[in-house]
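> Need a 3D model of the sequence below.
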Amino acid sequence: MKHLLTLFAASVLLVTACKEKNDPSPKTNSDPTFPVIEMETAYGSMYIWLYDSTPLHKQNFITLTEQKYFDSTTFHRVIPGFMIQGGDPNSKDSDTTNDGSGGPGYTIPAEIKSYISHKRGVLAAARTNNPAKASSGSQFYISVSTSGTQHLNGLYTVFGYVMKGMEYADAIVSQPRNKTNDRPFSNQYLKTRVLQKTLQQIKDEFAYVPEF
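Sure thing, here's the model as predicted:
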């Protein structure tokens, strides 16, 4: 009897092994996820896809977000029909005269791609005037122009896209501002965090198919 049980157990193991060997189905526990930036504002959250085609800018933005670098900074420059600009650590303090001149102390090499154009909703890096077109280490802008900002093509690195929540960018750009420096009279705070989403979740939640 003991001998028969041993043979039966061996047969079961053999059948199982053959089935696993011939089973072509993938052995994955879950779908891969990708980073999505949630940018919180007083009006609601924008959800941003960062382009793989601009890896230096993508990783830098993720790193700063994980460090909570952007939290309590403001959109310190808003121009209706054009863009909103933020990401300056100087905008955290009460001195508004130095807004637009701060950063983490480094620049990012330009990653300007001819096939990525400025259009409504793009996230792009601000920069000072420099021959290499190197980007600010933290300052960025979001285009709110309904026709895009095509005149900036080839001049600034575009590295992401607002998949959902552009109405909140529109709310920010419409705030009363100082016409001299385009700074809103009231602080337009922002906060960012990294979410992990599958491609299906991105499609379902944001009606977006990742590009670039």
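
> and the residue nearest to residue 140 when sequence neighbours are not counted, what are its phi and psi?
Leaving aside its sequence neighbours, residue 140 sits nearest to residue 87 (Cβ to Cβ, 6 or more residues apart in numbering; 4.8 Å). Quick note: C-beta positions are derived from backbone N, CA and C, even for glycine. Dihedral pair for residue 87: phi 90, psi 10, per degrees, to the nearest 10.

> now do the one 4 residues further on
With angles defined as degrees, to the nearest 10, residue 91 shows backbone torsions of phi -80, psi 0.

> Return the residues in contact with it.
73, 74, 76, 99, 102, 187 (Cβ atoms under 8 Å, 6 or more residues apart in numbering).

> burial measure for the first one, as a count.
So the one you mean is residue 73. 24 (other Cβ atoms under 10 Å).

> In three-state terms, label residue 116 for me.
Classification of residue 116 using DSSP: H, G, I helix; E, B strand; the rest coil returns coil.

> Look at the closest residue to it other than its chain neighbours and say how many residues are nearby.
Nearest non-adjacent residue to residue 116, counting by Cβ to Cβ, 6+ apart: residue 158, 4.9 Å away. Residue 158: 25 surrounding residues under other Cβ under 10 Å.

> which residues touch residue 158?
51, 54, 112, 113, 116, 117, 118, 122, 123, 124.

> Residue 73 versus that one, what's the distance?
Distance, residue 158 to residue 73, by Cβ to Cβ, to the nearest Å: 21 Å.

> Next: residue 47.
Applying Cβ to Cβ to residue 47 and residue 73 gives a distance of 18 Å.

> Show the contacting residues for residue 183.
Shown in contact with residue 183 (Cβ under 8 Å, 6+ apart): 76, 77, 78, 96, 99, 177.

> Now neighbour count too, for the residues you listed, in TSV please.
Conversion of the contacts of residue 183 to TSV gives the following (neighbours: other Cβ atoms under 10 Å):
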residue	neighbour count
76	24
77	25
78	23
96	17
99	22
177	18
